[in-house]
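Colleague: Need coordinates for the below:
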Amino acid sequence: MVVAVDCIIFGFDGQDLKLLLIKRGFEPAKGRWSLMGGFVQPSESFESAAQRVLKQLTGLENVYLEQLYAFGDPDRDPLERTASVAYFALIDISKYEKQLGGNFQPEWFSLKKIPSLIFDHKEMIQMAKEKLRYKAAFHPVLFELLPSKFTLPQLQNLYEGVYESLMDKRNFSRKVLSTGLLIKQKQKDKEGSKKGAFYYKLDKKKYQHLFNSFLKFVPESGKIK
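Modeller: Model prediction:
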């Protein structure tokens, strides 16, 4: 049996939650859309292998990575018995846009329009989405997907994308501001409307002390009413 790693890369562009995919470069299933994956070398830890694979296939490095699950179905790879340790990452697309590259032509896809994938990669993505929803309900981890300066509409777009639910604008603003984690800026983003929306920044000092503030933020249904 061989051991591999696969990376589920979530990104946010200010409007949509997206997934980074590449076209597989070898058989079986060569040329089909795939997560970023590769085999673990004898001298590597799983996390080191995940970081190396991500750098080789996409050019990305120094991104948020978290181990998800070990997928070990005997028939998951038709060529040979392969267990895969999956990781998921959260990145701000605009921050890493220039860094993104490589020979495998990585491409962003909306989570609403994911193409057919190899092996059990669709199952990996679904599990990563569920883990992300769970973590986001307890901790402000979704700020990893945002630029340092963002608007409340952008933040709402992100939460709606993660939970696949529409949220009431007024109540969303009230609840997210009640956490005390956001610092209002003087500047406005006027691209969306003439009135514009104020920018906010994450209060990193309070972030550490109030890391559990979001326990009351997202109810079980994922809908803010």
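Colleague: check contacts around the closest residue to R76 other than its chain neighbours.
Modeller: Nearest residue to R76 in three dimensions, chain neighbours excluded: D120, at 5.1 Å (Cβ to Cβ, 6 or more residues apart in numbering). All C-beta spots, glycine's among them, are computed from the backbone N, C-alpha and C. By Cβ atoms under 8 Å, 6 or more residues apart in numbering, the contact list for D120 reads F71, D73, R76.
Colleague: Backbone dihedrals for D120, both of them.
Modeller: phi -110, psi 30 (degrees, to the nearest 10).
Colleague: and the contacts of D120, which are buried?
Modeller: F71, R76 (16 or more other Cβ atoms under 10 Å).
Colleague: So among the contacts of D120, where is pLDDT lowest?
Modeller: Within the contacts of D120, R76 has the lowest pLDDT, namely 92.
Colleague: That one in helix, strand or coil?
Modeller: Here R76 is recorded as coil under DSSP: H, G, I helix; E, B strand; the rest coil.
Colleague: And the one 4 residues further on, by the same measure?
Modeller: When states are read from three-state DSSP, the local structure at E80 comes out as coil.
Colleague: What distance do you get for it to K131?
Modeller: Going from E80 to K131 by Cβ to Cβ, to the nearest Å gives 28 Å.
Colleague: Between these two, tell me which one has more neighbours.
Modeller: Looking at E80 and K131 with other Cβ atoms under 10 Å, you find the greater number of neighbours at K131, namely 16 against 8.
Colleague: in the chain, which helix has the most residues?
Modeller: Assignment by DSSP state H gives helix 121-138 as the longest helix of the chain.
Colleague: Beyond it, next helix or strand please.
Modeller: Moving toward the C-terminus from helix 121-138, the next helix or strand (DSSP states H and E) is strand 150-151.
Colleague: Which of the helices or strands spans the closest residue to K23 other than its chain neighbours?
Modeller: With sequence-adjacent residues excluded and distances taken as Cβ to Cβ, 6+ apart, K23 is closest to G31, at 5.6 Å. Take DSSP H and E as the rule and G31 turns out to sit in neither a helix nor a strand.
Colleague: Tell me if I'm right that G31 and Q105 touch.
Modeller: No. In this structure G31 lies outside contact range of Q105 using Cβ atoms under 8 Å: 11.3 Å.
Colleague: okay, and the common contacts of these two?
Modeller: K23.
Colleague: Kindly report the domain assignment for the chain.
Modeller: 2-138, 141-216 (automatic domain parsing).
Colleague: Off-centre distance for the last one?
Modeller: On the basis of Cα atoms, centre = their mean, to the nearest Å, the separation between the geometric centre of domain 141-216 and that of its chain is 17 Å.
Colleague: what's near enough to touch S34?
Modeller: Contacts of S34 (Cβ under 8 Å, 6+ apart): L21, I22, K23, R24, L117, I118, H121.
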